[in-house]
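S.K.: This is the structure alone, sequence omitted:
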């Protein structure tokens with residue numbers, strides 16, 4: 001059974017997968033801080049985090065409405081970043097201070113997408129509803145009768 005969570009941002013977003021993504025977001029943020037905070041600027045680390053979130057959510061939301069996918073990413077990024085930093089990370093690419101930072105971004109996004117596909121398979125949350133979710137809330141039938149209908 002999924003619990004719908006509402007996250008405040010530009011609009012209310014409800015998606016049952018939040019509880020699946022949230023622990024991964026926590027671990028990812030901590031790992032990025034531990035590994036890169038001393039070697040990259042704050043905006044660079046924020047940007048890497050936003051790219052990781054995008055990769056993680058792309059298997060579930062990448063084929064659906066782009067604005068909804070972006071709002072889901074924003075909601076997840078704002079779990080760790082204040083809204084102004086989240087927006088900066090999502091809307092712009094900072095000047096990279098290290099030549100290897102773009103390679104790291106590609107690797108993080110790719111690894112996160114693999115993790116997102118694994119989550120999708122393990123939790124079976126990318127059905128037809130998620131694919132065409134648009135800006136409305138995602139929902140799941142609670143009973144087997146509703147699932148069969």
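M.R.: Thanks, I have the structure now. Just so you know, these numbers come straight off a predicted model, no measurement behind them.
S.K.: element containing the spatially most central residue of the chain?
M.R.: By CA atoms, centre = their mean, the chain has its centre lying nearest to residue 53, at 3.5 Å. Assessed by DSSP states H and E, residue 53 sits inside helix 42-61.
S.K.: Show me which residues of that helix are buried.
M.R.: Across helix 42-61, burial judged by 16 or more other CB atoms under 10 Å covers 43-61. Heads up, the C-betas are built off the backbone N, CA and C, glycines and all.
S.K.: quick revisit: per-residue pLDDT, the residue nearest to the centre of the chain?
M.R.: pLDDT, residue 53: 96.
S.K.: That one reaches residue 75, doesn't it?
M.R.: No. When contacts are counted by CB atoms under 8 Å, residue 53 is not listed as touching residue 75 (9.4 Å).
S.K.: Please enumerate the helices of this structure.
M.R.: Listed in chain order, the helices found in the chain under DSSP state H are 18-36, 42-61, 66-77, 83-91, 101-123, 128-131, 144-148.
S.K.: Identify, out of these, the most deeply packed stretch.
M.R.: Among these, ranked by average contacts under mean count of other CB atoms under 10 Å, first place goes to helix 42-61 (a mean of 23).
S.K.: ok, now which ones touch the closest residue to residue 81 other than its chain neighbours?
M.R.: Of all residues not flanking residue 81 in the chain, residue 46 sits nearest, at 5.9 Å (CB to CB, 6 or more residues apart in numbering). For residue 46, the residues meeting the contact criterion (CB atoms under 8 Å, 6 or more residues apart in numbering) are 81, 85-86, 88-89, 94.
S.K.: Tell me the one of those residues nearest residue 31?
M.R.: residue 81 (15.3 Å; CB to CB).
S.K.: The closest one - how many residues pack around it?
M.R.: When neighbours are defined as other CB atoms under 10 Å, residue 81 has 20 of them.
S.K.: Next up, phi/psi of it, please.
M.R.: Backbone torsions of residue 81, given as degrees, to the nearest 10, read phi -120, psi 140.
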